[in-house]
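Visitor: Next comes the sequence, and after it the predicted model I'd like to discuss.
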Amino acid sequence: MEPEEVRATLASFSLVLVLMASYYVLRPVRDAMASDWTDAEVSWLWTFTFFFSAAAVSLYGAAVARLSVQRLVPGVYGFFGLSFAMFYVGTQLAEDRTLVDKSFYVWVSLFALFHISIFWSFMADTFSQAQSKRLFAFIGAGASVGAIGGPAFATLLAGSGSTDAMLLISTVIILAALPLVIWVQRLKQSDLHNKQVHAGAEDFEYVGGNPFAGFAEFIKNPYLLGIGLFILLYTSISSFVYFELKNLMVDYSRAERAQIWAQVDLVVNTLTLLIAMFATGRMATRLGLPFTLASVPMLICVGMLLLMAAPSVAAVIVIQVIRRVGNYAISRPAREMLFTAVDRETRFKAKPVIDIVVYRGGDMLNAWGFTLLTQGLGLGLGAAAGVGAGIALLWAGTGIALGRSFERRERDATPPKSPPT
């Protein structure tokens with residue numbers, strides 16, 4: 001880090017820390033609400049989230065094409081910050097707050113889609129390409145710190161009783177990011193002297209644009225279809241664990257649920273940081289991508305079988321921690337490695353389809369699938385866990401097949417060695 005880069009780097013580190021902390025104050029509040037609703041009601045909310053996400057991404061892509069990053073970034077953060085203040089007002093004024101709570105549930109999911117993606121586009125508008133290679137890893141560590149500090153703070157707040165005040169606190173945290181945004185914009189000129197650096201529409205490609213535009217590219221590529229199937233099976237397990245946990249916590253107060261969800265976030269994010277630092281890279285390089293992609297599904301399969309034998313809240317929480325830590329620290333980095341085997345154009349065309357249509361569409365479909373098993377067929381926790389074990393086994397097999405396909409592509413792309421002379 002050069003002396004003239006110190007202030008801009010630390011300000012950017014602080015900005016992503018604040019943004020991530022704000023989200024992790026809101027997340028347990030959102031998840032605590034779900035236990036008040038039936039599986040069918042939550043499935044409808046996930047359906048609305050899918051369609052609103054697709055629409056929001058398209059609108060955001062249109063905004064990117066018309067507004068400069070200098071206006072767009074503070075505008076989006078200010079808008080979200082004030083919106084959470086309005087939700088707080090709604091909770092205090094509404095006689096029946098069910099509609100307010102359900103709208104908040106969907107809205108936080110939209111916030112999760114944008115807050116960090118916009119930050120990295122802002123960084124592309126601030127630092128040069130050479131600076132990004134040296135500084136972005138350090139700046140990104142701020143997100144890890146915020147992802148640990150946010151749940152720790154939320155645990156303390158939820159323990160005090162009402163969760164409504166956490167909406168106002170999150171508003172203050174998000175609005176506190178605005179002076180940091182303005183400061184970084186000034187430091188870009190005064191310290192970094194990067195007047196020539198500007199983020200273009202291509203820096204927003206992974207968020208903006210029509211999420212359905214690359215559908216044909218996705219359908220005709222078996223390798224990308226395999227990645228889509230891997231993610232679809234992941235969302236099946238994710239939906240199972242989430243719904244079971246929210247059903248098991250129905251007898252807890254909303255504040256107690258928020259505290260439990262925040263504690264889960266704290267454990268998950270701490271373990272993710274440690275595993276990502278010391279284990280993920282070694283696992284992929286020494287044991288291979290097939291093993292890496294199958295490791296988390298096999299752990300989940302074992303956990304589901306144990307849950308089938310002895311159902312309990314603690315067992316579901318342990319599976320939730322393993323699932324999320326495994327996804328963040330192992331499966332997701334390994335999944336991103338898979339995209340290096342396709343060209344850049346294919347990757348950007350397919351990514352919105354996979355991130356929005358497959359991922360969030362999978363959430364929606366699997367939510368209804370779980371609702372059918374529980375409310376339709378009347379399956380209990382043990383029987384549903386047996387179904388989950390079968391899905392996890394299929395997920396592991398898909399991971400092994402994908403890893404082998406990646407290794408074949410890697411071998412085919414490697415030029416043969418010249419014979420010794």
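Guide: It's in. Numbering: from 1, shown residues only.

Visitor: and Ser89, how many neighbours does it have?
Guide: No, residue 89 isn't Ser; it's Val. 12 (other Cβ atoms under 10 Å). C-betas here are computed from N, CA, C, even on glycine.

Visitor: actually Val42, not the one I typed
Guide: So Val42, with other Cβ under 10 Å, has 24 neighbours.

Visitor: List the contacts of it.
Guide: Taking Cβ atoms under 8 Å, 6 or more residues apart in numbering as the criterion, Val42 is in contact with 34, 243, 246, 367.

Visitor: at 7 Å instead, please
Guide: The neighbours of Val42, taking Cβ atoms under 7 Å, 6 or more residues apart in numbering as the test, are 34, 243, 367.

Visitor: now swap in Met249 and tell me
Guide: Taking Cβ under 7 Å, 6+ apart, one finds 35, 257, 260 in contact with Met249.

Visitor: do you know how far it is from Val387?
Guide: Applying Cβ to Cβ, to the nearest Å, the value for Met249 to Val387 is 21 Å.

Visitor: Check Ala341 and give its pLDDT.
Guide: If you check Ala341, the pLDDT there is 78.

Visitor: hang on, I meant Ser103
Guide: 95.

Visitor: Can you name the next helix or strand after the helix or strand where it lies?
Guide: Following DSSP states H and E, the helix or strand that holds Ser103 is helix 98-124. Going down the chain from helix 98-124, the next helix or strand is helix 129-159, by DSSP H and E.

Visitor: what angle separates the helix holding Ser103 from helix 129-159?
Guide: Helix 98-124 runs at 150 degrees relative to helix 129-159, counting by axes from the mean of the first three to the mean of the last three Cα atoms, to 10 degrees.

Visitor: now helix 98-124: how far from the chain's centre is it?
Guide: 11 Å (Cα atoms, centre = their mean, to the nearest Å).

Visitor: I'd like to know how many residues surround Ala34.
Guide: For Ala34, the count of nearby residues is 24 (other Cβ under 10 Å).

Visitor: these two touch, right, it and Leu248?
Guide: No: taking Cβ atoms under 7 Å as the definition, Ala34 is not a contact partner of Leu248, at 11.5 Å.

Visitor: re earlier: between the contacts of Met249, which is nearest Leu72?
Guide: Arg257 (35.4 Å; Cβ to Cβ).

Visitor: Flag the shaky bits of the chain, pLDDT-wise.
Guide: Low-confidence segments of the chain (pLDDT under 70): 61, 64-65, 67, 69, 161, 197-214, 279-281, 344-345, 347-348, 413-421.

Visitor: Give me the helices and strands touching the helix holding Ser103, please.
Guide: Under the contact criterion of 3 or more Cβ pairs under 7 Å, 6 or more residues apart in numbering; DSSP states H and E, helix 98-124 touches helix 6-33, helix 39-66, helix 69-93, helix 129-159.

Visitor: hey, which of the ones you listed is tucked in deepest?
Guide: Of all the helices and strands packed on helix 98-124, helix 6-33 has the most neighbours on average by mean count of other Cβ atoms under 10 Å, namely a mean of 23.

Visitor: could you give the angle of it to helix 39-66?
Guide: Using the same axes, to 10 degrees: helix 6-33 against helix 39-66 is 150 degrees.

Visitor: by contact count, what packs against helix 6-33?
Guide: Against helix 6-33 (3+ Cβ pairs under 7 Å, 6+ apart) you get helix 98-124, helix 129-159, helix 165-190, helix 254-278.

Visitor: how does it look with 10 Å?
Guide: helix 39-66, helix 69-93, helix 98-124, helix 129-159, helix 165-190, helix 222-248, helix 254-278 (3 or more Cβ pairs under 10 Å, 6 or more residues apart in numbering; DSSP states H and E).
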